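**Q** Structure for the following, please:
(chains A and B)
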Amino acid sequence: MGFGDLKSTSGLKVLNNFLSDRSYIEGFVPSQADVAVFEVLSAPPTADLCHALRWYNHIKSYQSQKNRCDQRFVAVSLPGVKRPLGQYGPAGVADATSGSAPAASKDDDDDDIDLFGSDEEEDAEATKLKEQRLAEYAAKKAKKPALIAKSSLLLDVKPWDDETDMAKLEECVRSIEMDGLVGTDILEEKITAFEDFVQSMDVAAFNKI
Amino acid sequence: MERTPKGYTSNFVEAGLKLFIQSHRNMALRELASLEKYLGLKKPNKYSTQGDKKVPVLQNNNAPPLVGLVTIACHLVKEAKRPELLGDGAEGRAVVQQWLEYRVTKLDSHIEDTKSILKDLNLYMQDKVYLAGNQLTLADVLMYYGIHSIILDLAVQEKEQYMNVARWFDHIQHHPGVRHHLPPVVVLRNRLYTSRHH
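**A** Prediction:
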């Protein structure tokens, strides 16, 4: 697996071919798999690698945009967990990445940052994802042992109306701190308690990490 | 007296045709029901139909009724408070409307030859993941519903010939919450589902 050396033309060609019939590196929604590959590319693929370029421009669009008028989503992160590059891509390609042992992914807490997030400003981009399909997908792909202590929760918080102050909305949502969250009902209660800002809340995705 | 196989055959054929026509006429209603599910609208609407073509109609309280698949679909999107499904920005919205119109005037009307539809769409999708912008819109959903029967009937070589269409189609049919009334189609290599042709 892997794409070979993504810094070289040969690796990019593998990526291009791989993406000819795929929208994403893994599955049918953007995920940390896309982030992992995106991060390795030093520049946009050239125009002759049209599939890789298409994918690149699309993943790039998930960066937070300051001037987006419709900022309805508060993203925790793209779902999934970044794995070593050698674990993605077509079978039968020599893995040219270094240190590609699976153990490299064990301490993922720090790695699981939203690539396109920013500490200072609100990150308001995420794809709307349905809970059940992602849970199925994540469960299939997960290589972790049965005892799962961490989960990634993607919330879709609808503002009261189009004049709602989104910064304030985010502040309210972020102010909620809960240790050892077992179910989402309490969280929903707390979020929807901010009645002036929040119209409703849905759990868009809930993945075990 | 021999019972001819012909007698059986014509009955079956006739019954099959009737079923086909009925379900075809109600396709628009099935699409609207699927769309309601995708949008998470809790209460399904009651639709009626009008005319020979059984165009869907939605009564709209005291306002004039809404007529037509696209009109009603856009209304449902607004009802569900998902304006982003109609496009992002003025240009995005224009592109979405363009494709909704394409669905009705080119796809449904059977005016255009299938090959030329696929060729145009394939060229269009070369550098795009969705029909309009970088998110799923109503354009993708209604085009997916509309083109399904064409894709279902494509041979393997044709799917490779129109690779971009196949890629987009596979993506949309797998998009969370979209596929309800339509069977999955095996589009390209290593996919999970089975298609009509083996």
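
**Q** Tell me which residues of the lengthiest strand in chain A come out buried.
**A** Longest strand in chain A by number of residues, with DSSP state E as the criterion: strand A:198-208. The neighbour-count check on strand A:198-208 (16 or more other C-beta atoms under 10 Å in any protein chain shown) flags A:198, A:201, A:202, A:203, A:204, A:205, A:206, A:207 as buried. For every residue, glycine as well, the C-beta is placed using N, CA and C.

**Q** And stretch B:147-165, by the same measure?
**A** B:147, B:148, B:150, B:151, B:154, B:158, B:159, B:162, B:163, B:164, B:165.

**Q** Touching, the last one and residue B:125? I think so.
**A** Going back to what we said before, that points to residue B:165. Yes: under the criterion of C-beta atoms under 8 Å, residue B:165 makes contact with residue B:125 at 6.1 Å.

**Q** name the element residue A:152 belongs to?
**A** Per DSSP states H and E: residue A:152 is located in strand A:151-159.

**Q** Up against chain A, what does chain B have?
**A** For chain B, the contact set with chain A under C-beta under 8 Å from any C-beta of the partner chain comprises B:81, B:83-84, B:88, B:126-129, B:134-136, B:163, B:166-168, B:170-171, B:174-177, B:187-189.

**Q** Domain ranges for chain A, per the record?
**A** Using the TED database, the domain ranges for chain A come out as A:9-87, A:151-208.

**Q** Minimum distance to residue B:10: which of those has it?
**A** Checking the domains of chain A against residue B:10 by C-beta to C-beta gives domain A:9-87 as the closest, at 43.1 Å.

**Q** Filter the residues of chain B next to chain A down to the ones in helices?
**A** B:163, B:166, B:167, B:168, B:170, B:171, B:174 (DSSP state H).

**Q** possible to save those residues as CSV with pLDDT?
**A** Shown next, in CSV, are those (pLDDT from 0 to 100):
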residue, pLDDT
B:163, 95
B:166, 96
B:167, 97
B:168, 97
B:170, 96
B:171, 97
B:174, 96
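
**Q** Need the max-distance pair from the buried residues of stretch B:147-165.
**A** Of all pairs drawn from these, the widest gap by C-beta to C-beta lies between B:148 and B:163 and measures 17.8 Å.

**Q** And the helices in chain A, which stretches?
**A** Taking DSSP H as the test, the helices found in chain A are A:9-18, A:32-40, A:50-60, A:131-141, A:166-174, A:185-192.

**Q** Lowest average pLDDT across the ones you listed?
**A** Ranked by mean pLDDT, the helices of chain A bottom out at helix A:131-141, with a mean of 61.

**Q** State the helix or strand in which the spatially most central residue of chain B lies.
**A** What sits nearest the mean C-alpha location of chain B, by C-alpha atoms, centre = their mean, is residue B:145, with 1.4 Å. Element membership for residue B:145, per DSSP H and E: helix B:138-152.

**Q** And the residue of chain B that's closest to chain A?
**A** The minimum distance from chain B to chain A, using C-beta to the nearest C-beta, falls at residue B:176 (3.5 Å).

**Q** picking up where we left off before, which other helices and strands contact the helix holding residue B:145?
**A** Judged by 3 or more C-beta pairs under 8 Å, 6 or more residues apart in numbering or on different chains; DSSP states H and E, helix B:138-152 is in contact with helix B:27-39, helix B:69-79, helix B:89-102, helix B:114-124, helix B:163-174.

**Q** now that helix and helix B:163-174, what's the angle there?
**A** Interaxial angle of helix B:138-152 relative to helix B:163-174 (axes from the mean of the first three to the mean of the last three C-alpha atoms, to 10 degrees): 110 degrees.

**Q** Off-centre distance for helix B:138-152?
**A** Mean-position distance between helix B:138-152 and its chain equals 4 Å (C-alpha atoms, centre = their mean, to the nearest Å).

**Q** avg pLDDT for it?
**A** Averaged across helix B:138-152, the pLDDT comes to 97.

**Q** Could you check the angle that helix makes with helix B:114-124?
**A** For helix B:138-152 against helix B:114-124, the angle by the same axes, to 10 degrees is 130 degrees.

**Q** now helix B:138-152 against helix B:27-39, angle please.
**A** Using the same axes, to 10 degrees: helix B:138-152 against helix B:27-39 is 130 degrees.

**Q** Helix B:138-152 relative to helix B:89-102, how many degrees between them?
**A** 30 degrees.

**Q** got the CA positions of stretch B:139-151 in PDB?
**A** The C-alpha coordinates for stretch B:139-151 follow below in PDB (Å, rounded to 0.1, in the frame of the first residue of the first chain):
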ATOM      1  CA  ALA B 139     -28.400  19.400  -8.000                       C
ATOM      2  CA  ASP B 140     -26.400  16.300  -7.200                       C
ATOM      3  CA  VAL B 141     -29.300  14.600  -5.500                       C
ATOM      4  CA  LEU B 142     -31.800  15.100  -8.300                       C
ATOM      5  CA  MET B 143     -29.300  14.400 -11.000                       C
ATOM      6  CA  TYR B 144     -28.400  11.200  -9.200                       C
ATOM      7  CA  TYR B 145     -32.100  10.200  -9.100                       C
ATOM      8  CA  GLY B 146     -32.500  11.100 -12.700                       C
ATOM      9  CA  ILE B 147     -29.500   9.400 -14.200                       C
ATOM     10  CA  HIS B 148     -29.700   6.200 -12.100                       C
ATOM     11  CA  SER B 149     -31.400   4.100 -14.800                       C
ATOM     12  CA  ILE B 150     -28.800   5.200 -17.400                       C
ATOM     13  CA  ILE B 151     -25.900   4.200 -15.100                       C
END
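
**Q** Check residue A:159 and give its pLDDT.
**A** Looking at residue A:159, its pLDDT stands at 81.

**Q** I'd like to know how far the closest residue in space to residue A:61 that isn't next to it in sequence sits from residue A:58.
**A** Excluding the flanking residues, the one nearest residue A:61 by C-beta to C-beta, 6 or more residues apart in numbering or on different chains is residue B:134, at 4.0 Å. Plainly put, residue B:134 is 6 Å away from residue A:58 if you go by C-beta to C-beta, to the nearest Å.

**Q** swap in residue B:41?
**A** Applying C-beta to C-beta, the value for residue B:41 to residue A:58 is 29 Å.

**Q** Show me which of the two is the more surrounded one.
**A** With neighbours defined as other C-beta atoms under 10 Å in any protein chain shown, residue B:41 and residue A:58 compare such that residue A:58 has more, 20 against 15.
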